[in-house]
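Trainee: I would like to see how this sequence folds:
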Amino acid sequence: MRLAEALAVEEIVTDTGRTDVGGHRMNWVESGIRKGKMIGFKSGFFILLLLGSTVSAATPPITALVFSPNGESVVAASQSGLQILDWPSLRREKTINTSLANLHRLCFSPDGNRLPVGGGQPAESGNVEILAWPSGELETSFDPQSDSVTSVVWKDNSRLLAASLDRDILMLNTQNVDFQRRYSGHSQGVSALCLLKDGKTLLSAGTDQSVRVWDCSTAALVCSLNQHLAAADRTIRFWQPTIGRMMRSIRLTAERLDIVWFKDGSRIVAACVDGRIRVIHPENVMVTGGLAAIDGWACAVAIHPTDPSLMVGGTDGAMRCIQLSTAKKNVSERR
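Mentor: Predicted coordinates for the structure are as follows:
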């Protein structure tokens, strides 16, 4: 197994499972901007070409994106709530208001019937609201943490794990609306989670610049990986977390705010503060493609579950759909 900046893990969870990673704590929590993410993948190759569809307005930044399980719509989170958009036209179909002051994380359940929203109020409360899909109606909510929930990942269809800036990770049981297990060990806030394919190994990334490996069933800490700097160092690191070894790294020319694996696992896509999307080869750690996606910061990116396309969102609520092409694009950025 490998981690890119402890953020992207090879062959993890499901195709729709995702996780966020941290960079700077105070600035991005208050503005609702995420600093990266972990997500599972498989193997293959593509580059990016712009499509014409965009949505832009003087609104809060897009902090999270996720495609519906059938790929017919995309859900976008911001401090204005949730927008349900038709894909690929980006026509707004529905707006869902939540009680959360800040929204940081979206992740469909394995069966695709529920959508948890993680967020809260910095230094006050961490909350997870679970919505029925596709109705968007509130099923249940949790508020067990004392700082914002930054990441959630499903263990199965009834249990999910929630990471918080209060330094703890909780396993939440949606059947009895209670927390089942606590994972403690980070010295600062936890900003990312990922469950390996074995279903037994949990990974977490924190603003203490460490990655922790846990036994998911016992909450025992297995090991800590500590060779990390803040997101501002512009570096993505690839790890084999089960043996605790960093394999390779690449430093970009701009700070990355979000990363995601192609569905076939051949590349990762990084969304960066300069509004560009960069395509990175995980083996030779070279930037093999890229383009200017939006004006301002590109804060969130999501890969479509079936067709060769993705969605990027960021500053002022801007969103754009991008198509992946099999043609290779050479760029000058390298390791």
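Trainee: helices along the stretch 1-150 of the chain, start to end?
Mentor: Secondary structure of the stretch 1-150 of the chain (DSSP state H, counting those that start in this stretch): helices located at 26-31.
Trainee: got the contact list for M246?
Mentor: 225, 227, 237-239 (CB atoms under 8 Å, 6 or more residues apart in numbering). Every residue, glycine included, has its C-beta placed from N, CA and C.
Trainee: are any of these buried, and which?
Mentor: The neighbour-count test (16 or more other CB atoms under 10 Å) marks 225, 237-239 as buried among these.
Trainee: need those residues in a markdown table (columns: distance to Q175, secondary structure and pLDDT).
Mentor: What follows is the buried ones among the contacts of M246, written out as a markdown table (distance: CB to CB, whole Å; DSSP: H, G, I helix; E, B strand; the rest coil; pLDDT from 0 to 100):
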| residue | distance to Q175 | secondary structure | pLDDT |
| --- | --- | --- | --- |
| L225 | 33 | strand | 89 |
| R237 | 38 | strand | 89 |
| F238 | 37 | strand | 89 |
| W239 | 34 | strand | 88 |
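Trainee: greatest separation within those residues: which pair is it?
Mentor: Farthest apart among the buried ones among the contacts of M246 by CB to CB are L225 and F238. That separation is 11.6 Å.
Trainee: and which of the buried ones among the contacts of M246 is nearest V285?
Mentor: Nearest to V285 among those: F238, at 7.3 Å, using CB to CB.
Trainee: so where's the stretch 101-250 of the chain shaky on pLDDT?
Mentor: Residue ranges of the stretch 101-250 of the chain with pLDDT under 70: 227-232.
Trainee: could you pull out the strands for it?
Mentor: Ranges of strands in the stretch 101-250 of the chain, per DSSP state E, counting those that start in this stretch, are 102-106, 114-121, 125-132, 138-145, 149-154, 159-164, 168-173, 178-184, 190-195, 201-206, 211-215, 220-225, 235-240, 245-251.
Trainee: so what sits opposite the nearest residue to R245 once chain neighbours are set aside in the bridge?
Mentor: Of all residues beyond its chain neighbours, the one nearest R245 is W239 (6.9 Å), with distances taken as CB to CB, 6 or more residues apart in numbering. Beta-bridge partners of W239, counted by DSSP bridges, are M246.
Trainee: then D215?
Mentor: Judged by DSSP bridges, the bridge partners of D215 are T201, A220.
Trainee: any idea how far G185 is from it?
Mentor: 12 Å (CB to CB, to the nearest Å).
Trainee: what do you get for R276?
Mentor: Distance, R276 to G185, using CB to CB: 35 Å.
Trainee: surely L257 touches C299?
Mentor: Yes - L257 lies in contact with C299 (CB atoms under 8 Å); the separation is 5.0 Å.
Trainee: more neighbours, the two?
Mentor: Neighbour comparison, L257 and C299: the larger count goes to C299, with 30 against 26 (by other CB atoms under 10 Å).
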